[in-house]
Structures are given as structure tokens and as C-alpha cells.
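Undergrad: Task: produce atomic coordinates for the following.
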Amino acid sequence: MNIRSEDLGNLLEKEKTQGVLSPLWVIVGEEPLLALEAGDALRNAAKELGYSERVVLALSSVSDWSPLIDAATSVSLFDDKKIIELRFLSSGPGIKGAKVLAQFAELVPQIDSTVTLVHLTQADYTTQKASWFKALAANGNVISCQPIARAQYPNWIRERLRRQGQSMQESALTFFAEQTEGNLMAAKQELMKLELLYPGKELTLREVEDCVMNVSRYSIEDLLEAIAQGDVARTARTVNGMQSEDEPMPFILVRLSSFLRDTLSLTVNRQAQVMPSVRQLATQLARRSTPAKITNMLARCADLDRLAKGLTVQNRDDVWSELKTLCVFLAHVSTRK
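TA: Now for the predicted structure:
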């Protein structure tokens, strides 16, 4: 069964009333805070139900995976309930590990006294098609801990505030979201700080500004989204953030150029073959632009690539300044009819 991280609490409460936990849980996702909290929730629920013995295994593609089967089948001297935690030290289990995992997935549901928690930082398309992952998913609960979508982030903040008996004025909420964007771990720490300083009240913009540091993180995905949505202010803020975080310019230009080539294809043919992961954003920009404009922007990307490599480019000097100008222009273009 596939479970969203935000639904885990309700499911655990239901299982606790029944006095037993499902035997197999798989935590998948790239959002560290949500994955950590899911693991904590499962461990706490297991502890409440008497799963007092804990076995932690960290295995890689070259490890001996037999201890996993041994941990599941061995009997405690005190006949205690057991929780097994498996952490991957590599992107996959390897051939031998895959066979053991498939066997293990079939075995665990038959053992009433054991709960197993598998930690996976990510499960891409290839992983999800692997036989060992399918076996885990078929016999257990898969908890998805993906990054919070930008549109849903304010609601995530509101819910956290509600849990600690607080709220925020809309202006304060907007400011907090901008300052912590893309960094849930830091956002949680800032919310805990606000709880200590201003318990049980509605927070004003001034109170939040005085307390919260700028701990936002920015990625090339954030930049492409801002450009496609025509959000000029966010585009400029994202470029500034990437510069302060010293993001590698060659990587940015490769991704931006690839995105613009996909957009160019879609301006010519709406049915053009582009990667599914960028189709929606590229389509947004293509609808509001022209082949000539996108072609011109690709030429400017080539100029920036030469500039980043230390070569002289006429009328261009600072690569970050030029990148911001280019990206802001793209965002502005995407708002034109």
C-alpha cells in the first residue's frame, strides 16, 4: 500500500488500537525531514506496542545480506517483539542483495513478532521496476516522503503552527515561506524557535522578521519553475540564492540550455517528444513565447558558457549578473501575450 507521509499518523493510530503494526514498512523520498519524522513515528508506535528489541543493519551492494534473514528468523531469549531497520549504503542492493530482499519480503509477513523498516533515500523509475522493490511494495506499506510542492508549502507551515498552538498573519506567512523555501529541516527549527519565543499567539510580520534567518535553498528546478510561471521576483531571488550557495555555473547552463531546447521544440510542435519531467514547465513557457525569442536566449546561454570558461565575450563581463538578466527576461517574456 502506498501512503503519503502526512497520512502516516492516522494509519498508525488505527493500527495501535488493533494492538499490532503491519510487518513491513518502506520509507522512500528525497525530503530528509519527512523521512526522519516517518521513521520516528514508526519507532515510537512500535515501542508503545512492546517491540522492545531493535536491530539496525546497514548494507550495500557488496555486503553479505544473510544477516537480514537471520535477524528476521532468530528468536530472542526473552521472546521480545523486534523491530528491524535496514539502511542502504549504496543506490541498490546488488544482485545477491536483491535476491535476499525478495525472499525477505515474502518471509516477514509470516512473523507476527517482527516489524521491519526499510530506509530508501529515493526510488527512481528503475528502482520501482526492480523485482526486489516490487516484492517489498507488494508485502508492505510504502511511505512517500517527497519535497513539499511550492504551492502547498504555506499550508504545511500553517499545519505545523496549528500543532504548536500558533498562527501567522498572511504577510508573516509569506515572509517565512520565502526565507525557508526548500529547507524543511531549517523551517522546523525556526518554527520551534518561534514557539519558544511567542507561545500560543498569532505571529506578526515584525516578530517573524526579528526571529527568522534566511535559510532557503535554491535549485535549478526552482529556477526553471519560476521562469516558466513568469514569476520575475522569484526568478531573481533564486538566481541570487544559487550564487550565494556557489552553485556550479556549468551545471546551471547545461540544464537551462536543455530546458530552452525543449521549449523551442514545443513552440514549433506541441506534440514534440520531450522528457516528461520538464514537459509541463516547458509547455508553459512555449505557450507565451516564440521560436525566435527562445533561439536568441539559447545563443545568450552559449555566450555565458564561454564567459564562465574565462573567454572574452563582447559586451558581457560578470557571468552571474548576465545569468540573472537572461532569466528575468525569460520570466518576463513568459508573462507577455
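
Undergrad: Please report the distance of the residue nearest to Ile220 when sequence neighbours are not counted from Ser219.
TA: In space, and not counting its chain neighbours, Ile220 is closest to Arg255: 4.6 Å by C-beta to C-beta, 6 or more residues apart in numbering. C-beta here means a position set from N, CA and C on the backbone, and glycine is covered the same way. Going from Arg255 to Ser219 by C-beta to C-beta, to the nearest Å gives 10 Å.

Undergrad: my guess is the residue nearest to Ile220 contacts Asp222, does it?
TA: No. Applying C-beta atoms under 8 Å as the test, Arg255 and Asp222 come out as separate, 11.5 Å apart.

Undergrad: Compare the two (neighbour count), which wins?
TA: The neighbour count for Arg255 versus Asp222, taken as other C-beta atoms under 10 Å, is higher for Asp222 (21 against 16).

Undergrad: That one should be in a strand, yeah?
TA: No. Asp222 is assigned helix when assessed by DSSP: H, G, I helix; E, B strand; the rest coil, not a strand.

Undergrad: Please name the residues that touch it.
TA: The contact partners of Asp222, taken as C-beta atoms under 8 Å, 6 or more residues apart in numbering, are 150, 181-182, 234, 238.

Undergrad: Pull out the buried positions in the strand or helix carrying Gln103.
TA: Using DSSP states H and E, the element containing Gln103 is helix 94-107. By neighbour count, with 16 or more other C-beta atoms under 10 Å as the criterion, the buried positions of helix 94-107 are 94, 97-98, 100-105, 107.

Undergrad: Which of those residues sits closest to Val142?
TA: For the buried residues of helix 94-107, the minimum distance to Val142 (C-beta to C-beta) is 11.7 Å, reached by Ala105.

Undergrad: does that closest one really touch Ser131, like I thought?
TA: No. Using C-beta under 8 Å, Ala105 is not in contact with Ser131, being 9.8 Å away.

Undergrad: Overlap in contacts, those two.
TA: With the criterion set as C-beta under 8 Å, 6+ apart, the contacts of Ala105 and Ser131 do not overlap.

Undergrad: coming back round to it: among the contacts of Asp222, which one has the most neighbours?
TA: Counting by other C-beta under 10 Å, top hit in those: Thr238 with 27 neighbours.

Undergrad: Might one say that that residue is in contact with Ala226?
TA: Yes. With contact defined as C-beta under 8 Å, Thr238 and Ala226 form a contacting pair (5.4 Å).

Undergrad: Break this protein into its domains for me.
TA: 2-144, 150-211, 220-333 (automatic domain parsing).

Undergrad: Are we agreed that Ser321 is in a helix?
TA: Yes. Ser321: assigned to a helix according to three-state DSSP.

Undergrad: For it, give its distance to Tyr218.
TA: 17 Å.

Undergrad: Comparing those two, which shows the higher neighbour count?
TA: Remark: of Ser321 and Tyr218, Tyr218 carries more neighbours, 22 against 12, as counted by other C-beta under 10 Å.

Undergrad: tell me the SS of the more buried one?
TA: coil.

Undergrad: Could you find the closest non-adjacent residue to it?
TA: Gly241 (3.6 Å).

Undergrad: Check which helix or strand the one you found maps to.
TA: Assigned by DSSP H and E, Gly241 falls in helix 232-244.

Undergrad: I would like the residues contacting that helix, please.
TA: 178, 216-220, 222-223, 226-227, 252, 320, 323-324, 327-328, 330-332, 335.

Undergrad: Now, of those residues, which are buried?
TA: 216, 218-220, 222-223, 226-227, 252, 320, 323-324, 327-328, 330-331.

Undergrad: Just flag the most distant two among those.
TA: With distances taken as C-beta to C-beta, the most widely separated pair in the buried ones among the contacts of helix 232-244 is Ser216 and Leu330, at 21.1 Å.

Undergrad: Quick one: residues in contact with stretch 163-183.
TA: Contacts for stretch 163-183 (C-beta under 8 Å, 6+ apart): 147, 150, 153-154, 157-158, 161, 186-187, 190-191, 194-195, 198-205, 207-209, 212-219, 222, 237.

Undergrad: buried stuff in that stretch?
TA: 166, 168, 172-173, 175-177, 179-183.

Undergrad: what's the average pLDDT for the helix or strand encompassing Ala299?
TA: Assessed by DSSP H and E, Ala299 sits inside helix 291-308. Averaging pLDDT along helix 291-308 gives 91.

Undergrad: try stretch 25-32
TA: Mean predicted confidence for stretch 25-32 is 90.

Undergrad: Only the buried residues of that stretch, if you could.
TA: Neighbour counts over stretch 25-32 (16+ other C-beta under 10 Å) mark 25-29, 31 as buried.

Undergrad: Looking at the residues you listed, which are in strands?
TA: If you go by DSSP state E, those have 25-28 in strands.
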